[in-house]
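>>> This is the structure alone, sequence omitted:
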């Protein structure tokens, strides 16, 4: 399968697929982060989960379908590997380590989506933003994320003013630094206490499933798979 993988740039704002569109490729992000989200008939949207170096975008192609009602938007630019549908199907149907890894990741993805739904329904914007910052930081190999406040608000399905207010509260608590649109996580442990339990539940489940994979990574041809990391001091730019 390695020969069929194509390293491609994944630029901020790129739409990898839209609702109802026939999927032709799966993507394995390496340094990019992709947001999976749903858009309503009125144009409102909300993120169901993010995908970074730990996962794959386009699970419909090996789960029995070729379209999806969701969209996949690059929320942090970088690179990833792209694999054509036919090559993926051939590799998946061999019922080897790749198939097992993809199915385990799909189980983790279902957990993330279900937890996100509960989070939107029962937790405050401040808790949601804390969860989102920690999860995004985990998926970034280095550097900073550049994203508009409107996009963050759109991903969480709230008003921009709500994001500004929540970020100000976290700043006053000393968990983050927020100045001129830049957010730096100063106290990741403190930020975890502000986040809802959704962050820990998803992180634990993903870590458990990845550990079960052993030597077989979700993308076994990735020359430098990056393990799930604990939250660290990290800069996130929101303009």
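Cool, the structure landed. Keep in mind the model is a prediction, meaning the values are calculated, not measured.

>>> Please make it C-alpha for all contacts and neighbour counts, starting now.
OK.

>>> now the strands for the chain?
6-10, 15-17, 25-29, 33-39, 45-51, 71-76, 78-84, 144-147, 176-179, 182-185, 235-238 (DSSP state E).

>>> Enumerate the positions of the shortest one that are buried.
To tie it back to what came earlier, the one meant is strand 15-17. Residues of strand 15-17 classed as buried: 16, 17 (neighbour count, 16 or more other C-alpha atoms under 10 Å).

>>> Let's have the strands of the chain in CSV, adding distance to residue 124 and mean pLDDT.
As requested, the strands of the chain are exported to CSV (distance: least, C-alpha to C-alpha, whole Å; pLDDT from 0 to 100):
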stretch, distance to residue 124, mean pLDDT
strand 6-10, 31, 95
strand 15-17, 29, 94
strand 25-29, 30, 95
strand 33-39, 19, 89
strand 45-51, 15, 88
strand 71-76, 22, 90
strand 78-84, 31, 95
strand 144-147, 21, 61
strand 176-179, 18, 76
strand 182-185, 19, 74
strand 235-238, 20, 48
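
>>> Any stretches of this protein with poor pLDDT?
For the chain, the stretches flagged by pLDDT under 70 are 1, 141-148, 179-182, 212-239.

>>> shouldn't residue 194 be in contact with residue 125?
No: contact between residue 194 and residue 125 fails when scored by C-alpha atoms under 8 Å: they sit 10.8 Å apart.

>>> quick one: which of the two has more around it?
Legend: neighbour count by other C-alpha atoms under 10 Å for residue 194 and residue 125, higher for residue 125 (22 against 18).

>>> Against residue 33, how distant is the residue nearest the centre of the chain?
The chain has residue 50 as the residue nearest its centroid, 1.8 Å off, counting by C-alpha atoms, centre = their mean. Distance, residue 50 to residue 33, using C-alpha to C-alpha, to the nearest Å: 7 Å.

>>> who touches both of the two?
residue 136 (C-alpha atoms under 8 Å, 6 or more residues apart in numbering).

>>> Now residue 125: closest residue in space, sequence neighbours ignored.
Nearest residue to residue 125 in three dimensions, chain neighbours excluded: residue 166, at 6.5 Å (C-alpha to C-alpha, 6 or more residues apart in numbering).

>>> Start from the N-terminal end of the chain and give the helices.
For the chain, the helices defined by DSSP state H cover 85-92, 97-122, 125-139, 149-156, 160-172, 188-194, 198-213.

>>> highest average neighbour count across the ones you listed?
helix 125-139 (a mean of 23; mean count of other C-alpha atoms under 10 Å).

>>> if we can go back for a sec, list the beta-bridge partners for the residue lying closest to the residue nearest to the centre of the chain once chain neighbours are set aside.
The shortest distance from residue 50 to any non-neighbouring residue, by C-alpha to C-alpha, 6+ apart, is to residue 35 (4.5 Å). Beta-bridge pairing of residue 35 under DSSP bridges involves residue 50, residue 73.

>>> what's around residue 69, how many residues?
Around residue 69 there are 12 residues (other C-alpha under 10 Å).

>>> List phi and psi for it.
Main-chain dihedrals, residue 69, degrees, to the nearest 10: phi -80, psi 0.

>>> show me the contacts for it.
Residues near residue 69 by C-alpha under 8 Å, 6+ apart: 18, 19, 20, 38.

>>> Compute the distance between the residue lying closest to residue 51 once chain neighbours are set aside and residue 131, please.
Excluding the flanking residues, the one nearest residue 51 by C-alpha to C-alpha, 6+ apart is residue 34, at 5.1 Å. Residue 34 is 16 Å from residue 131, where distance means C-alpha to C-alpha.
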